[in-house]
Every structure is written in C-alpha cells, then in structure tokens.
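Undergrad: Provided below for reference: sequence and predicted model.
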Amino acid sequence: MNKYSGQQHFLLAVDCIIFGFDGKDLKLLLIQRGFEPELNKWSLVGGFLQETETLDRAASRILQKLTGLGDIYLEQLYAFSGINRDPEERTVSVSYFALIDIQQYEKQISHDYHAEWFLVAERPKLIFDHDQMVGLAQRQLRYKAAIQPILFELLPETFTIAQLQNLYEGVYETMFDKRNFIRKLMSTGLLKKLEVKDKSGSRKGAFLFSMDKEKFNGKLDVFLNYIKDKSELYLKK
C-alpha cells in the first residue's frame, strides 16, 4: 500500500545563477527559453530533478551540460515555492549560484541554448521569479565574499591588482579608492607578487599576483575590515 496515497505531486526544478568575471566586469550567464510558456524570453539555466539524482547532482549535471565543466564552484541558495511561480504547472525550484572565470571557460559554453553573458546590472527582464533569484544570489555572494575568499573562484590563478579591484567593485556595486585598496591589500601579506607582467593592456604592463588561500583564511579580517567599511550597506540590500 502506498503510504502517501492521496497526496498531490509537484515538479521539482533546479535553477542556476551563473556569475562570471572577464577581468573587467561581473556578468551573468543567461539563456533564451526554448519552449512555452515564455518562449524565447531570457531565463536562468535550469532543469528538472530526475528520479535517480540528488539536488546537488542535478545542479552539477545542468551546469556541465551548458559549460562542459564539472569542477565549478556551486552552492545551494534557496527554495522558491510560490504557488503560481510557473503558470504551466505547480513547480518548486531550488536555486544554486555558480562562479566562473569567463576568460578560462568561455569557449566551452554551449551555444545550443543561445547562451549569452550580460552585465549583471544591465541584464534583460527574466521569466517567472528569476530576477528575485538573481537578487538573492547577489546578496549571498556579497555576504560570503566578506567571510570567505570565494571571489577568487572568479579569477585565474594569476591576476593583476586592477582585476581584483574591478571584481570587488563589481560584486559590491561601489567604488574603492585605488591607493587605499592597494595599500590595504599589500599590507596583509596575503598576495604573492610574481616577476611576470600582464602586457595585454599596455606596453609597460602590470605585475601579476597570486593568492595564498591558507594565509587568507587565517588573516581574513585584516583585509575585510576595509571591504566591510565600504560595503556594509550593500550587504543589507
């Protein structure tokens, strides 16, 4: 006998908010929906949970199908269960956010879904409650960036100070004073200055750096006291 007889059954979906950084701007990966309702409208990357998989596995499968990658930073965000969030059928969606270094992985993005990168602040209107998902993911990213070095998942192994500042400014949607940012950053001793320069932007070039994640975890408050002062209002949004 089915112990749950008489209970209604709903669809369970997974939607992924994929943030990317190209060295200058924070972006969001969107696709054009290929079926009704909202055919050809812009959407987050998503799919339905299969009977034989967990939510985490479903999110990884969806990302791998789109990006060809299996080692992306991925974190469960929130369950959206509005009764009428999907006009077609009652569907609960569990959202995840992912972080990608665009310059490293852009060529692997599948274009079968008409995927396109948009500046986060200039994205088109999204279907259903996907804009709400993005807003919540932004707040969570700001919060996590203030307690963990997760933003470095968006950077290559070596990067310039300008790229790092662009990233933090993009996430917190605020400007940091360049001299203070550099001074605070270098005073922590968390970054390793390399002898190699990035000359893609100028003949003179800019020195490349790498980060010691173990030291970062141990001295997090040293750098983030400055970040917190500049971003505490944005953490409340």
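TA: Yep, it's here.
Undergrad: According to the record, where do the domains of this protein fall?
TA: 11-145, 150-235 (automatic domain parsing).
Undergrad: Compute the first-to-last residue distance for the first one.
TA: So the one you mean is domain 11-145. By C-alpha to C-alpha, to the nearest Å, the extent of domain 11-145 from end to end equals 33 Å.
Undergrad: out of the domains of the chain, deepest packed?
TA: domain 11-145 (a mean of 17; mean count of other C-beta atoms under 10 Å). In this view, the C-beta of every residue, glycine as well, is placed from N, C-alpha and C.
Undergrad: pLDDT below threshold where in the protein?
TA: In the prediction, the chain carries residues with pLDDT under 70 at positions 1-2, 106-108, 110-111, 201, 213-237.
Undergrad: Touching stretch 113-122 from outside, list them.
TA: 19-20, 22, 25-32, 34, 45, 66, 102, 106, 109, 124, 134, 138, 170, 173 (C-beta atoms under 8 Å, 6 or more residues apart in numbering).
Undergrad: got a markdown table for the domains of the chain, with distance to Tyr4 too?
TA: Listed next are the domains of the chain as a markdown table, based on distance: least, C-beta to C-beta, whole Å:
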| stretch | distance to Tyr4 |
| --- | --- |
| domain 11-145 | 15 |
| domain 150-235 | 39 |
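Undergrad: And the helices in this structure?
TA: For the chain, the helices defined by DSSP state H occupy 55-67, 102-105, 130-145, 161-172, 178-187, 213-218, 220-235.
Undergrad: Just put these in CSV and tack on distance to Tyr113.
TA: Shown next, in CSV, are these (distance: least, C-beta to C-beta, whole Å):
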stretch, distance to Tyr113
helix 55-67, 6
helix 102-105, 15
helix 130-145, 15
helix 161-172, 24
helix 178-187, 37
helix 213-218, 33
helix 220-235, 31
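Undergrad: closest one to Ser81 among those helices?
TA: Closest approach to Ser81 among those is made by helix 130-145 (12.2 Å; C-beta to C-beta).
Undergrad: Now do the closest one against helix 161-172, angle only.
TA: Here helix 130-145 runs at an angle of 130 degrees relative to helix 161-172 (axes from the mean of the first three to the mean of the last three C-alpha atoms, to 10 degrees).
Undergrad: gap between the spatially most central residue of the chain and Leu141?
TA: Centroid-nearest residue in the chain, with C-alpha atoms, centre = their mean: Phe19, separated by 3.0 Å. As judged by C-beta to C-beta, to the nearest Å, Phe19 and Leu141 stand 7 Å apart.
Undergrad: Spit out the residues that contact those two alike.
TA: Phe97.
Undergrad: On the strand side of things, show who the nearest residue to the residue nearest to the centre of the chain once chain neighbours are set aside bridges to.
TA: The shortest distance from Phe19 to any non-neighbouring residue, by C-beta to C-beta, 6 or more residues apart in numbering, is to Leu99 (5.5 Å). In this entry, Leu99 is beta-bridged to Phe19, Tyr73, by DSSP bridges.
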